[in-house]
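Colleague: okay, sequence plus prediction incoming.
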Amino acid sequence: MNGAFLRDKQDSEPARRLVLLSGRDVEDAARLMRMLAESAEAELVGTSGGGRPQVLTRDDLVEAARTELARRSRRRRLLPDSIFGEPAWEMLLLLYSEQQGTRFNIAQLSSKLKLPGTTTLRWLNYLEDQEMVDRDPNPVDQRTAFLRLTAKAIEALDLYFSETLARSP
């Protein structure tokens with residue numbers, strides 16, 4: 001056989017490659033498939049210039065959460081705390097924005113958000129009841145646990161920030 005024939009045969013075969021997925025990738029894909037299966041028709045969340053679909057990455061969504069946290073911090077510096085009573089939302093924002101970074105225990109979360117420990121604990125219990133936050137045992141210190149968002153919370157926040165970014169100018 002000549003080289004041209006072999007090259008043509010190779011070009012007509014579908015490309016094969018091995019793709020390794022993390023557990024998080026599989027969860028994200030499963031969540032996307034559930035959302036698509038449950039919707040009667042797919043909805044375009046947003047478009048970029050020229051009417052093309054807007055592509056949002058995990059980094060875009062996390063950056064939107066960080067921006068929201070920074071806005072809330074600025075607001076708290078300028079106006080009395082008593083006006084704004086949303087500690088659960090701030091906890092979700094912080095845990096969402098640090099999914100791949102800092103792991104927080106209750107004391108660290110309380111300190112970072114400048115909340116009393118009792119308030120933090122009360123709202124964490126509520127978020128656990130709502131299946132938004134889980135506690136993972138700390139392998140080094142059994143007296144503490146690390147906090148993490150559940151898949152349900154991540155899905156809701158992904159959607160919230162996707163829609164928020166799609167609607168922003």
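Modeller: That came in fine, so what should we check first?

Colleague: chain neighbours aside, what residue packs nearest to residue 164?
Modeller: residue 64 (6.1 Å; CB to CB, 6 or more residues apart in numbering). C-beta: built from backbone N, CA, C; applies to glycine.

Colleague: please identify the helix or strand for the one you found.
Modeller: Per DSSP states H and E, residue 64 falls inside helix 58-78.

Colleague: before we move on, what about residue 165?
Modeller: helix 151-167.

Colleague: hmm, back to that, now do the helix holding residue 64: distance to the chain's middle.
Modeller: 14 Å (CA atoms, centre = their mean, to the nearest Å).

Colleague: now the following helix or strand past that helix and helix 151-167, what's the angle there?
Modeller: Per DSSP H and E, the first helix or strand lying C-terminal to helix 58-78 is helix 87-97. Computed by axes from the mean of the first three to the mean of the last three CA atoms, to 10 degrees, the angle separating helix 87-97 from helix 151-167 equals 90 degrees.

Colleague: thinking again about what came up before, and the helix holding residue 64, which residues are buried?
Modeller: 61, 62, 64, 65, 68, 69, 72 (16 or more other CB atoms under 10 Å).

Colleague: which of those scores worst on pLDDT?
Modeller: The lowest pLDDT within those belongs to residue 72, with 84.

Colleague: mind listing what the closest residue to that one other than its chain neighbours touches?
Modeller: Leaving aside its chain neighbours, residue 72 sits nearest to residue 90 (6.3 Å; criterion: CB to CB, 6+ apart). By CB atoms under 8 Å, 6 or more residues apart in numbering, the contact list for residue 90 reads 69, 72, 113, 115.

Colleague: between which two of the residues you listed is the distance greatest?
Modeller: 69 and 115 (13.3 Å; CB to CB).

Colleague: now for residue 138: which residues touch it?
Modeller: 105, 144, 145, 146.

Colleague: the residues you listed: which two are farthest apart?
Modeller: Longest span within the contacts of residue 138, CB to CB: 144 and 146, 7.6 Å.

Colleague: and for the two, which residues touch both?
Modeller: 105, 138.
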